[in-house]
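[1] A predicted structure for the sequence below; I have some questions about it.
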Amino acid sequence: MLEAVNISFESLNMATLTPMLVAIVGALAILTIDLFKEEMDKTLYIVLTILFLVADLSTVLGQTMGERGFFDVMLIDGLAILAQIVLLIGSIIFIPLAFSSQRFHEYRYPEFFALFLFMTAGFQFMVATDNLILIFVGLETASLALYTLIVLHNKDKSFEAAIKYFTMGALAAGFFAFSGMIFYGLTGSVELFKIFEVLEARNFEPMILILTASVFMLASFGFKMAIVPFHTWGPDVYEGSSAALAGYISIVPKVAAFVVIMRIFEGLIASGIVWIEYIFYAIVVLTMTLANIWALVQKDVKRMLAYSSISHAGFVMAAIMIGTTQANSAIFVYWILFSFTNLGAFAMLWVSHKKDSNYHERFDHPFEKFSGMVKMSPLSAVLMGLFMLTLAGIPPFSIFWGKLYLVSSAVNAGYLVLAVIMVLNSAIAAYYYAKLIVYMFMKEPETGVDGSVYMMNASISLKVMLGIAAFFTALSIFIVNPVLELSDFFIYSSGF
């Protein structure tokens with residue numbers, strides 16, 4: 001006879017779920033308000049979303065490290081808390097971009113903001129667990145919401161982008177499920193720490209099945225992060241999304257995916273499975289190099305930034321492969337500094353976007369649009385030039401320090417060839433960032449273009465966000481050490 005098991009409410013430690021519940025309750029509250037009071041001004045939903053995100057962040061900051069909860073599927077370690085802080089701050093910075101001066105289709109719907117909060121909760125579930133099932137649930141919750149956010153932009157390219165993203169996402173979900181099935185079949189568990197224990201006890205046999213599961217898992221997240229050779233959907237999705245949402249896609253979802261990859265693959269690599277390290281090495285080099293080469297030939301600034309984001313993801317993948325504590329801290333230093341700059345660059349495209357009109361027959365932001373920009377809108381040209389120089393890794397701006405820490409972690413771990421490849425790729429990237437600077441400062445303005453086009457969509461809140469991005473980009477030298485110390489504290493506490 002089976003005996004009944006009594007589980008007390010206290011033993012579930014529901015406090016570990018509080019941040020996600022705040023986001024979910026916020027989404028439901030927005031939908032409920034719309035149900036009883038339709039046609040409310042979008043400002044209300046923007047403010048409510050920001051308030052719920054701030055409340056979510058405050059609950060994350062109040063959590064205690066080293067706890068498990070909800071049948072032990074939730075894991076609140078330093079990595080989970082740090083990742084959620086980055087995710088939520090990125091989301092809080094993104095939402096005010098909805099205060100655009102033009103009334104865009106997606107921001108008219110409260111569902112946009114509800115889906116955004118559901119997506120945020122999904123990302124939080126991904127990073128705050130080491131259970132493959134909950135990772136999958138969080139991944140699909142966030143992905144399904146993101147597909148819908150893209151298509152709400154209501155353009156032909158948006159529908160195409162959402163369909164491509166959905167197709168690749170469905171394939172990635174299948175790969176994840178297949179990989180998880182193999183790991184469960186080998187170990188009888190879906191919890192990562194138990195999987196590693198069983199595999200190590202069995203001396204990682206049979207190796208062919210472990211490699212198969214690892215490759216499918218890497219392919220699954222490769223699609224999500226658009227790393228080579230799983231990147232083909234990426235530039236089209238960026239192009240079809242609004243510039244604001246494209247900037248968000250380039251940052252926040254990738255942070256969640258990187259944390260999951262850290263938990264899974266650093267454990268496998270540290271256990272001595274050298275073939276996984278070789279596969280990582282190849283993907284890192286291909287992602288950095290090929291993405292830079294493709295970025296060189298782009299005719300649209302948004303597509304160029306899309307390939308640039310892929311290349312930057314390759315840099316972060318290198319740190320995961322290295323797997324030292326210094327490299328893991330460098331990941332968050334790099335990504336935090338990259339977030340402000342990249343979001344600022346995409347925000348510059350967003351403020352120059354004209355509703356229901358394209359500057360070019362295909363592209364919204366061709367390089368020619370920015371010809372002679374310094375003569376018509378000097379401040380806009382200086383801001384965009386600052387973001388381009390920073391993305392290129394020019395000192396003393398923010399991303400230079402992130403790249404410096406990543407390269408030094410590679411050198412200290414003995415990956416000298418990889419460090420050289422990283423430096424060479426930074427030099428290649430400088431060319432296509434400089435290309436836009438040349439158009440802005442050294443070419444004559446296009447006929448029929450006036451300075452107002454560069455601030456077509458600007459509002460006070462967007463200008464404030466641009467100011468914040470420029471401030472942290474230009475004066476990053478004063479925040480690098482605090483960010484590094486914060487990352488070191490949380491990473492060390494997690495044992496990575």
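    Alright, I've got the coordinates.
[2] contacts, neighbours, all on C-alpha from now
    Fine.
[3] Could you list the single helix or strand in this structure with the lowest mean pLDDT?
    One helix or strand of the chain scores below all others by mean pLDDT, DSSP states H and E: strand 67-69, with a mean of 80.
[4] what's that strand in contact with?
    11-17, 74-77 (CA atoms under 8 Å, 6 or more residues apart in numbering).
[5] swap the cut-off to 7 Å and go again
    12-14, 16, 74-77 (CA atoms under 7 Å, 6 or more residues apart in numbering).
[6] Could you pull up the mean pLDDT of the strand or helix carrying Lys375?
    For Lys375, the host element (DSSP states H and E) is helix 373-376. For helix 373-376, the mean pLDDT works out to 83.
[7] buried set for the next helix or strand after that helix?
    Sequence-wise, the next helix or strand downstream of helix 373-376 (DSSP H and E) is helix 378-391. For helix 378-391, burial by neighbour count (16 or more other CA atoms under 10 Å) applies to 380-391.
[8] OK, contacts around Gln63?
    Gln63 neighbours (CA under 7 Å, 6+ apart): none.
[9] Actually, Ile428.
    Taking CA under 7 Å, 6+ apart as the criterion, Ile428 is in contact with Asn292.
[10] From the chain's centroid, how far away is the strand or helix carrying it?
    Assigned by DSSP H and E, Ile428 belongs to helix 416-442. Centroid separation between helix 416-442 and its chain, computed with CA atoms, centre = their mean, to the nearest Å, is 22 Å.
[11] Same question for stretch 387-395.
    For stretch 387-395, the separation from the chain centroid amounts to 19 Å (computed by CA atoms, centre = their mean).
[12] next one: stretch 232-240
    Between the centre of stretch 232-240 and the centre of its chain there are 15 Å (CA atoms, centre = their mean).
[13] who's in contact with it?
    157-158, 161-162, 164-165, 226, 246, 302-303, 306-307.
[14] Output that stretch in CSV with nothing but the alpha carbons.
    Output in CSV follows, covering the C-alpha atoms of stretch 232-240 (Å, rounded to 0.1, in the frame of the first residue of the first chain):
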residue,chain,number,x,y,z
THR,A,232,19.9,32.2,-40.2
TRP,A,233,16.7,33.4,-38.7
GLY,A,234,18.3,36.1,-36.6
PRO,A,235,18.9,39.1,-39.0
ASP,A,236,15.4,38.6,-40.6
VAL,A,237,13.7,38.7,-37.2
TYR,A,238,15.6,41.8,-36.2
GLU,A,239,14.7,43.5,-39.4
GLY,A,240,11.0,42.5,-39.1
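[15] Buried ones in it, by neighbour count?
    Buried-residue list, stretch 232-240, by 16+ other CA under 10 Å: 233-240.
[16] Now, those that are in helices?
    Among the buried residues of stretch 232-240, the ones falling in helices (DSSP state H) are 234-240.
[17] what's the closest of those residues to Asn328?
    Nearest to Asn328 among those: Gly234, at 25.2 Å, using CA to CA.
[18] Dihedrals phi and psi, Pro395?
    Reported as degrees, to the nearest 10, the phi and psi values for Pro395 are phi -70, psi 150.
[19] What is the neighbour count of the residue nearest to it when sequence neighbours are not counted?
    Of all residues not flanking Pro395 in the chain, Trp401 sits nearest, at 7.7 Å (CA to CA, 6 or more residues apart in numbering). Using other CA atoms under 10 Å, Trp401 has 22 other residues around it.
[20] Okay, now stretch 177-195: how far is its last residue from its first?
    Across stretch 177-195, the terminal residues are separated by 15 Å (CA to CA, to the nearest Å).
[21] Give me the contact list for that stretch.
    130-133, 198-199, 213-214, 216-217, 264.
[22] now for the helix holding Lys375, which elements pack on it?
    Applying 3 or more CA pairs under 7 Å, 6 or more residues apart in numbering; DSSP states H and E, we find helix 373-376 packed against helix 416-442.
[23] Now do the following helix or strand past the helix it packs on and helix 378-391, the angle between them.
    Later in the chain than helix 416-442, the nearest helix or strand by DSSP H and E is helix 460-474. Relative orientation of helix 460-474 versus helix 378-391 (axes from the mean of the first three to the mean of the last three CA atoms, to 10 degrees): 40 degrees.
[24] In helix 460-474, which of the residues would be classed as buried?
    Applying 16+ other CA under 10 Å to helix 460-474 flags 462-463, 465-466, 469-470, 472-474 as buried.
[25] Ser311 is in contact with Asn288, correct?
    No Asn there; residue 288 is Met. Yes: counting by CA atoms under 7 Å, Ser311 is a contact partner of Met288 at 4.4 Å.
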